[in-house]
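Asker: Quick check, what structure comes out for this input:
(one chain, ligands or ions: 1)
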Amino acid sequence: MGDENVGTLRLHIVGTGCNAPSGHAYGSAFLLEVSDTFLLFDCGPATSYKLASMGLDLRRVHHVFFTHHHYDHTADFPCFALTRWDKSKGDQRALSVYGPPPTPDFVAALFGPSGAFSADLHARITSPASLGYYQLAGGSLPRPEPVFDVTEAVTGTIAKTATWSVSCATVRHVDPVDGEPLLTSLAYRVETELGSIVFAGDCDDCPELRRLADGVDTLVLKPRATLTLPFVDNGQPDISGIGRSLVTGSGKTLEQDGLLLQECAPKRVVFSHLGPALFSQSGVRERVLATIGRSYEGLMLMPDELTSLDLEDKDGQRARTARR
Ligand SMILES: [Zn+2]
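Answerer: Numbers count the residues shown, from 1 in each chain. All right, here's what the predicted structure looks like:
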């Protein structure tokens with residue numbers, strides 16, 4: 001492959017926040033552009049609006065991967081799926097949806113025969129006015145309903161093409177109760193010719209994540225500490241009065257993030273799920289990076305929402321080829 005034609009591997013930072021909205025970030029959504037394919041990981045609040053703000057056409061997204069079913073990772077899905085369907089005139093493609101249980105129930109509850117949007121869908125495929133607009137935009141009758149190809153994922157390779165593949169592992173969400181997760185949570189690894197990337201979701205440190213992320217080029221990771229909380233002088237969030245459950249049952253810390261990153265050794269980490277304290281309290285961002293940076297020597301990024309990162313690099317390509 002010539003250097004001038006290495007394709008595209010670009011990470012669009014659509015939502016890098018958590019369930020606490022701020023003017024800077026809200027909810028989770030990452031769009032991975034692999035040459036001419038767009039893979040959406042999580043679909044948190046305002047994903048559709050933010051994609052439009054970035055000039056990204058959601059009609060080109062045919063694959064959605066949910067890490068887990070917290071609303072800050074899923075709430076815009078009906079808006080996304082309906083807009084994608086409604087604005088695709090005559091050239092609709094099925095939307096492939098992957099996620100942990102209860103992803104099939106989640107999709108059916110929205111778009112099934114008795115789903116929350118069944119009345120809307122019925123109106124749009126039968127109303128003369130809706131059908132008139134649809135035909136004016138190039139659609140032909142009868143107007144098809146949206147089609148979903150839903151995969152309940154647990155582990156292993158779940159999607160594969162000539163240019164990319166996605167595998168997943170069931171991992172531990174950060175809020176287990178007595179060691180048992182309240183929500184089944186997945187982390188995903190994407191392999192491409194131009195690099196690999198892991199989306200850890202809200203995953204806690206666990207052997208499954210360490211295996212999945214071992215040697216990956218880019219790791220999208222939620223810092224272990226709950227960053228919506230005020231920080232105290234030692235750079236850790238102030239959890240006094242709240243207890244251990246918000247930090248995780250096993251009391252993970254930013255130092256442990258550093259150790260996880262040290263072991264997995266990604267070239268770069270993209271921090272996500274950023275709480276308001278990171279934007280409103282001066283010095284917090286620096287403290288997080290300094291604490292983790294004591295153990296991890298790779299590139300640490302905390303990109304703003306509505307920005308994009310080019311991830312392809314020839315050095316990375318050579319490094320991966322050399323390892324095979
Ligand atoms: Zn969560």
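
Asker: Who are the contact partners of the one residue in the stretch 101-250 of the chain that gets nearest to the ion?
Answerer: In the stretch 101-250 of the chain, the residue that lies nearest the ion is Asp202 (3.6 Å; CB to the ion). Every C-beta, even on glycine, is put in place using the N, C-alpha and C of the backbone. Taking CB atoms under 8 Å, 6 or more residues apart in numbering, we find Asp202 in contact with Thr67, His68, His70, His73, His173, Val174, Ser185, Lys222, His273.

Asker: tally of neighbours for the residue nearest to Gly99 when sequence neighbours are not counted?
Answerer: Spatial nearest neighbour of Gly99, excluding adjacent residues (CB to CB, 6 or more residues apart in numbering): Phe66 at 3.2 Å. Look at Phe66: counted by other CB atoms under 10 Å, it has 25 neighbours.

Asker: show me the contacts for Phe66.
Answerer: Neighbours of Phe66 in contact, by CB under 8 Å, 6+ apart: Asp42, Cys43, His73, Thr74, Phe77, Val97, Tyr98, Gly99, Pro100, Thr103, Phe106, Leu186.

Asker: any idea how far the residue of the stretch 101-250 of the chain closest to the ion lies from Cys18?
Answerer: 9 Å (CB to CB, to the nearest Å).

Asker: who touches both of those two?
Answerer: Residues touching both Asp202 and Cys18 by CB under 8 Å, 6+ apart: His273.

Asker: Show me what the residue most central in space within the chain is bridged to.
Answerer: Computing the C-alpha centroid of the chain and ranking residues by CA atoms, centre = their mean puts Phe41 first, at 3.2 Å. When assigned by DSSP bridges, Phe41 has beta-bridge partners Phe30, Phe65.

Asker: That one is in contact with Leu186, isn't it?
Answerer: No - using CB atoms under 8 Å, Phe41 is not in contact with Leu186; the gap is 10.0 Å.

Asker: Next one, pLDDT for Arg318 please.
Answerer: Note for Arg318: predicted pLDDT of 37.

Asker: for Pro21, same thing?
Answerer: In this prediction, Pro21 carries a pLDDT score of 89.

Asker: can you tell me which residues contact it?
Answerer: Gly27, Pro45.

Asker: mind redoing it with 7 Å?
Answerer: Going by CB atoms under 7 Å, 6 or more residues apart in numbering, Pro21 touches no other residue.

Asker: Write out the residues of the stretch 201-324 of the chain neighbouring the ion.
Answerer: Asp202 (CB under 5 Å from the ion).

Asker: Strands along the stretch 201-324 of the chain, start to end?
Answerer: 218-221, 268-271, 299-301, 307-310 (DSSP state E, counting those that start in this stretch).

Asker: Output the second one as PDB, nothing but the C-alphas.
Answerer: Going back to what we said before, that points to strand 268-271. Provided in PDB are the C-alpha atoms of strand 268-271 (Å, rounded to 0.1, in the frame of the first residue of the first chain):
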ATOM      1  CA  ARG A 268      -2.800   6.800  23.300                       C
ATOM      2  CA  VAL A 269      -5.700   7.000  25.700                       C
ATOM      3  CA  VAL A 270      -8.700   9.200  25.000                       C
ATOM      4  CA  PHE A 271     -10.500  10.000  28.200                       C
END
